[in-house]
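> Need a 3D model of the sequence below.
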Amino acid sequence: MEGMFLKFIWTDLLLFIAPEILLQDA
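Below is the predicted model of the structure:
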């Protein structure tokens, strides 16, 4: 259960951070 919670947080962080990284690269 704890693993699923961490996986959910990690996915949410990636979805939140990825666009900012792409905008910085562009």
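> Now do the helices in this protein.
For the chain, the helices defined by DSSP state H cover 2-25.
> Could you list the low-pLDDT ranges of it?
Across the chain, the ranges flagged by pLDDT under 70 are 26.
> what number of residues lie near Leu15?
Neighbourhood size, Leu15 [other Cβ atoms under 10 Å]: 9. Just so you know, the C-beta spots here come from the backbone N, C-alpha and C atoms, and that holds for glycine as well.
> what do you get for Ala18?
Ala18: 10 neighbours (other Cβ under 10 Å).
> Identify the residue nearest the geometric centre of the protein.
By Cα atoms, centre = their mean, the chain has its centre lying nearest to Leu14, at 1.4 Å.
> do you know how far it is from Ile21?
Between Leu14 and Ile21 the computed distance is 10 Å (Cβ to Cβ, to the nearest Å).
> likewise Phe5?
For Phe5, the distance to Ile21 equals 24 Å [Cβ to Cβ].
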